[in-house]
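# dropping a prediction and its sequence here:
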Protein chains: 2
Amino acid sequence: MNQPSHILLVSNSTVHDRGYLDHVEDEIRDLLGHARTVLFFPYALQDRDGYAAKARSRFEAMGYKMDSAHATSDPRQAIAATDAIFIGGGNTFRLLKAIQDLELIEPIRRRIREGAAYIGSSAGSNVAGPTIRTTKDMPIVQPRSFDALGLVPFQISPHYLDPDPASTHMGETQEERIVQFLEENETPVLGMREGAWVRVRNQSVILGGSNGARIFRRGETPVEAVTGDEISELVGAPDGP
Amino acid sequence: MNQPSHILLVSNSTVHDRGYLDHVEDEIRDLLGHARTVLFFPYALQDRDGYAAKARSRFEAMGYKMDSAHATSDPRQAIAATDAIFIGGGNTFRLLKAIQDLELIEPIRRRIREGAAYIGSSAGSNVAGPTIRTTKDMPIVQPRSFDALGLVPFQISPHYLDPDPASTHMGETQEERIVQFLEENETPVLGMREGAWVRVRNQSVILGGSNGARIFRRGETPVEAVTGDEISELVGAPDGP
């Protein structure tokens, strides 16, 4: 499989008691390398201007130049010209519907295949998978399809929460919901706890950050992954491409 | 508005430490009255046979005759002949996709308009609203549309959980998700805590059970409802039909 090369998928943009993207700043710098321009996608939140201003301020503090796709006259041209793409969190259905309606799916995929870096956080990580079928967000709007960017061949389930053994709540846990997903689908799922992220470089997938993740495969017992673990089986190995 | 008359929407089928439907048995008996036959819809779970057996056993213990739509040779004929319909919980997307694919939406709507009773639990309550846009379930399969039965003109959000002030989790609370829904939609939302249910009779909507509910309207502060409250503004009043 010809995986794109420079991908960082973050469970959540802000961890408790720290500032926006602070916990992942070093990883972003490492990912971006010599990249200078980052194109932001604010479509997961209603207040696009406010969201773009927040992201721009944060990336400028790191020394990068950031434009927001929603404020460019030609988002497709902006995608073709940028060194990197950052899709922020919010509601995954709203985000996917927007980039579908604007016909931006293929331009983003193409630019990432060409070597641009991709950063996704929360909803922005969800849409990096083949579909959004493992989001926890409410389906507040209806995208034309659940198919997403497919930058990685596994599903992301960000903000992963372990079952609480003391809970008397009868609604399904996140694990039970992912098991339901695997009743209907064969794609493996990476449940990333808050604080965790994953770096994808060609055939290599490495878990980073704190709190770890859980890997779910149809018919198999879920397995834990901790920071530094190579979890490249998610991109096809050991079963081959 | 010409509301159907005999509708019971339950947040969840089983409350902590009690048996299946025990907390709502009296309400079901009151709703069903002289009805004798109940048609069950098991499509929200993968194991339809097992689910139908569980529901049948429970309803037979109450003295009703129950068939499951999935086991009938002609579900539409079964719908037209039944005194009452019960749609059970599980995954809302799987449920809606199944009844859409089987072309059962209109037959169910028609039968309820004719006076048959409707019982929905969890996912079965979600699909009673105009759309499934306030479900918390994962979108594990893609229905052709989010439009649902529309038996009531308000959205249900079952298993409603209040924000936990002690939580350090950064994912959106259920209230925040409903606020996002109201950014995109105008339909009011009834967030029913576990143990709560709602009875709809013509223009009357009355909250029952335990733990209460929260009513969300666009641009307004959410309001609490407790057992016995008439919340008929959800069907159009006081602004008129």
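The structure has been received and is ready for your questions.

# for the top helix by length along chain A, which positions count as buried?
Once chain A is assigned using DSSP state H, the helix that runs over the most residues is helix A:48-61. Across helix A:48-61, burial judged by 16 or more other C-beta atoms under 10 Å in any protein chain shown covers A:48, A:51-52, A:54-56, A:58-59. Just so you know, the C-beta spots here come from the backbone N, C-alpha and C atoms, and that holds for glycine as well.

# ok, so of these, who is nearest chain B?
Within the buried residues of helix A:48-61, proximity to chain B (C-beta to the nearest C-beta) peaks at A:Arg48, which comes in at 12.0 Å.

# report the separation between that closest one and A:Gly63.
Spatial separation of A:Arg48 from A:Gly63 under the definition C-beta to C-beta, to the nearest Å is 24 Å.

# ditto for A:Ala80
Summarising the geometry, the distance separating A:Ala80 from A:Gly63, computed by C-beta to C-beta, is 23 Å.

# go on, A:Ile108?
24 Å.

# just want to know which of the two has more residues nearby.
A:Ile108 (24 against 9; other C-beta atoms under 10 Å in any protein chain shown).

# that one belongs to a strand?
No. Under DSSP: H, G, I helix; E, B strand; the rest coil, A:Ile108 falls outside any strand and is assigned helix.

# list the contacts for it?
The neighbourhood of A:Ile108, defined by C-beta atoms under 8 Å, 6 or more residues apart in numbering or on different chains, consists of A:79, A:85, A:99, A:149.

# can you redo those as TSV with distance to chain B and neighbour count?
Shown next, in TSV, are those (distance: C-beta to the nearest C-beta, whole Å; neighbours: other C-beta atoms under 10 Å in any protein chain shown):
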residue	distance to chain B	neighbour count
A:Ile79	25	22
A:Ile85	23	24
A:Ile99	16	22
A:Leu149	16	26
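
# return the subset of the residues you listed lying in strands.
When the contacts of A:Ile108 are checked against strands using DSSP state E, the ones located there are A:Ile85.

# A:Gln100: neighbouring residues, count only.
When neighbours are defined as other C-beta under 10 Å, A:Gln100 has 15 of them.

# pretty sure A:Ala69 sits against A:Gln77.
No. Applying C-beta atoms under 8 Å, one finds A:Ala69 not in contact with A:Gln77, separated by 10.5 Å.

# neighbour count: these two, which is higher?
The neighbour count for A:Ala69 versus A:Gln77, taken as other C-beta under 10 Å, is higher for A:Ala69 (27 against 11).

# please name the nearest non-neighbouring residue to the more buried one.
Counting by C-beta to C-beta, 6 or more residues apart in numbering or on different chains, A:Ala69 lies nearest to A:Pro75, which is 4.4 Å off, once chain neighbours are set aside.

# spit out the contact partners of that neighbour.
Under the criterion of C-beta under 8 Å, 6+ apart, the contact list for A:Pro75 reads A:69, A:102, A:104, A:107.

# returning to that earlier point: for the buried residues of helix A:48-61, give me JSON lines that also has pLDDT.
Below are these laid out as JSON lines (pLDDT from 0 to 100):
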{"residue": "A:Arg48", "pLDDT": "98"}
{"residue": "A:Tyr51", "pLDDT": "98"}
{"residue": "A:Ala52", "pLDDT": "98"}
{"residue": "A:Lys54", "pLDDT": "98"}
{"residue": "A:Ala55", "pLDDT": "98"}
{"residue": "A:Arg56", "pLDDT": "98"}
{"residue": "A:Arg58", "pLDDT": "97"}
{"residue": "A:Phe59", "pLDDT": "98"}
